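Colleague: Next come a sequence and a model predicted from it.
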Amino acid sequence: MSGCATKTTPIYAVIKTPKFKAADEGFLEKGFGYKKLTIYKAGNVPVVITLKNSFVCLNGRCMDKEKFIKEYLPKGYPSDFFDKILDYKCPKGFFCKTDGQKILFKDKKNNILIMIKNIDRLN
């Protein structure tokens, strides 16, 4: 017997870059070979970022990870940037605050802020 296991975690996320902004509750889903972040934006159309193998999809528009980074983030960001962030790990060469339940990434020079925090719905 085999199956595909996924883990869905309720989160609060803030993503602010010069190219897009989103902040609200949502879900982080992780499965074999993919990660999906959905931010609901207070009743508006949700922002959905899906990472799968070498591709990133933003609201259904998919592209190679390197092309995505070039289009949406400043020069010097690694192609696995969002993979690391969604795993609550700091990308190599950057400074983050993380404790396994929350990650806070700030790049003041380039006006980028990313915060993802697990929400404990039982408390």
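Modeller: Here it is on my side, so go on.
Colleague: Same question for the strand or helix carrying residue 8: list its buried residues.
Modeller: Here residue 8, judged by DSSP states H and E, is contained in strand 7-16. Buried residues in strand 7-16, counted by 16 or more other Cβ atoms under 10 Å: 11, 13, 15. Every residue, glycine included, has its C-beta placed from N, CA and C.
Colleague: which one of those sits closest to residue 101?
Modeller: residue 11 (9.7 Å; Cβ to Cβ).
Colleague: And for the closest one, nearest residue in space, chain neighbours not counted?
Modeller: In this structure, residue 11 finds its nearest non-sequential neighbour in residue 28, 4.9 Å apart by Cβ to Cβ, 6 or more residues apart in numbering.
Colleague: The one you found and residue 35 touch, don't they?
Modeller: Yes - if you go by Cβ atoms under 8 Å, residue 28 and residue 35 touch, sitting 7.2 Å apart.
Colleague: Just want to know which of the two has more residues nearby.
Modeller: residue 28 (21 against 18; other Cβ atoms under 10 Å).
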